[in-house]
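Student: I need the structure of the sequence given here:
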Amino acid sequence: MLEVGQTAPSFCAQNQDDIEICSRDLAGKWIVLYFYPKDLTPGCTTQACDFTIQEAEFDDLDAIILGVSPDDTEKHRKFIEKKDLTITLLSDTNKQMCEDYGVWQLKKFMGKEYMGVVRTTFIINPEGKITAIWDKVNVRKKKTVKGEKIEILHVNEVKEKLQELQA
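Tutor: You can find the predicted model right below:
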């Protein structure tokens with residue numbers, strides 16, 4: 001597994017418009033790189049919508065948001081159109097990025113084991129170093145604070161950490 005402080009693995013992948021996006025072309029920018037299992041599933045939709053809603057705030061922090069899944073570019077286009085997403089989605093059909101970032105792992109669901117993407121988010125600084133990692137992400141956590149149930153959005157945790165790193 002990758003660790004904070006390491007150089008982020010380089011990548012090149014097709015976005016939803018079949019345009020190749022490479023990490024070398026993003027040098028000098030903050031990157032929020034999040035891996036998710038599958039387009040148009042409940043948790044993945046919530047996460048993509050949350051990042052889309054707050055995309056302008058990430059723009060203000062000079063950060064680009066990139067979602068990555070093994071889905072192909074056509075499926076990404078359908079996901080974007082159906083959910084009015086504005087963020088960039090990268091297609092990793094050969095799972096090279098998933099493997100390079102250590103998110104392609106053995107998972108268990110209803111007693112069955114299979115290989116899949118573990119929902120993980122990385123912040124990469126303008127020098128290409130990993131500055132934050134969240135693994136096994138829960139996009140919306142319920143927490144009780146002073147007897148009151150509140151919802152914590154993963155996107156807010158990422159934005160707050162980005163602000164802290166840039167301070």
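Student: Return the backbone torsion pair for residue 127.
Tutor: Note on residue 127: its backbone torsions stand at phi -90, psi 0 [degrees, to the nearest 10].
Student: do you know how far it is from residue 18?
Tutor: 29 Å (CB to CB, to the nearest Å). Heads up, the C-betas are built off the backbone N, CA and C, glycines and all.
Student: Also residue 149?
Tutor: For residue 149, the distance to residue 18 - CB to CB - is 43 Å.
Student: now residue 155
Tutor: 27 Å.
Student: Of those two, which one has the most company?
Tutor: residue 155 (25 against 12; other CB atoms under 10 Å).
Student: The residue nearest to residue 63 when sequence neighbours are not counted: neighbour count?
Tutor: Nearest non-adjacent residue to residue 63, counting by CB to CB, 6 or more residues apart in numbering: residue 30, 3.8 Å away. Look at residue 30: counted by other CB under 10 Å, it has 19 neighbours.
Student: pLDDT score for the nearest residue to residue 69 once chain neighbours are set aside?
Tutor: Of all residues not flanking residue 69 in the chain, residue 36 sits nearest, at 5.2 Å (CB to CB, 6+ apart). If you check residue 36, the pLDDT there is 97.
Student: which non-adjacent residue is nearest the residue positioned nearest the centre of the chain?
Tutor: The centre of the chain sits closest to residue 34, judged by CA atoms, centre = their mean, with a distance of 1.2 Å. The shortest distance from residue 34 to any non-neighbouring residue, by CB to CB, 6+ apart, is to residue 121 (4.2 Å).
Student: Which secondary structure element of the chain has the lowest mean pLDDT?
Tutor: For the chain, counting by mean pLDDT, DSSP states H and E, strand 140-145 ranks last in confidence among helices and strands (a mean of 79).
Student: Who are the packing partners of that strand?
Tutor: strand 148-153 (3 or more CB pairs under 8 Å, 6 or more residues apart in numbering; DSSP states H and E).
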